[in-house]
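*Asks:* Pasting a predicted model and its sequence here:
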Amino acid sequence: MGFDCLQPMEAKAGCEVLEYARQYRDRLCFVGNMDVTVLNTNDRSKVRDEVVGKRRALQELRAAYVFHSDHSIPPDVRYDTYRYAPELWKAPRDY
């Protein structure tokens with residue numbers, strides 16, 4: 001079909017980037033799938049588990065990935081939580 005990147009990847013709809021990456025990592029790039037319901041908790045340990053867990057797995061799979069949420073960010077996600085997630089993604093080590 002000519003596409004080379006898969007988005008949206010809404011976690012709440014049952015999409016799981018790791019499942020797709022295991023099967024198509026050599027043919028597709030993936031965008032999103034960071035679960036906003038986790039961000040919505042504003043709990044740094046849960047956000048860390050979500051982001052770092054997916055980062056580790058995608059790195060092990062050597063899958064092309066663009067960091068993004070799985071959906072728009074709801075207004076009850078605090079700004080510091082919103083900033084924390086991509087900082088974790090970019091961090092050279094796990095927090």
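*Replies:* Structure's in. What do you need?

*Asks:* Phi, psi for residue 69 please.
*Replies:* Per-residue torsions, residue 69: phi -70, psi 170 (degrees, to the nearest 10).

*Asks:* nope, residue 66 is what I meant
*Replies:* Here the main-chain torsion angles of residue 66 (degrees, to the nearest 10) amount to phi -110, psi 120.

*Asks:* For it, which non-adjacent residue is closest in space?
*Replies:* residue 31 (4.4 Å; CB to CB, 6 or more residues apart in numbering). From N, CA and C alone the C-beta is placed, and that goes for glycine too.

*Asks:* and residue 63, what does it touch?
*Replies:* With contact taken as CB atoms under 8 Å, 6 or more residues apart in numbering, residue 63 is in contact with 21, 25, 29-30.

*Asks:* separation between it and residue 31?
*Replies:* Shown here: residue 63 relative to residue 31, a distance of 12 Å by CB to CB, to the nearest Å.
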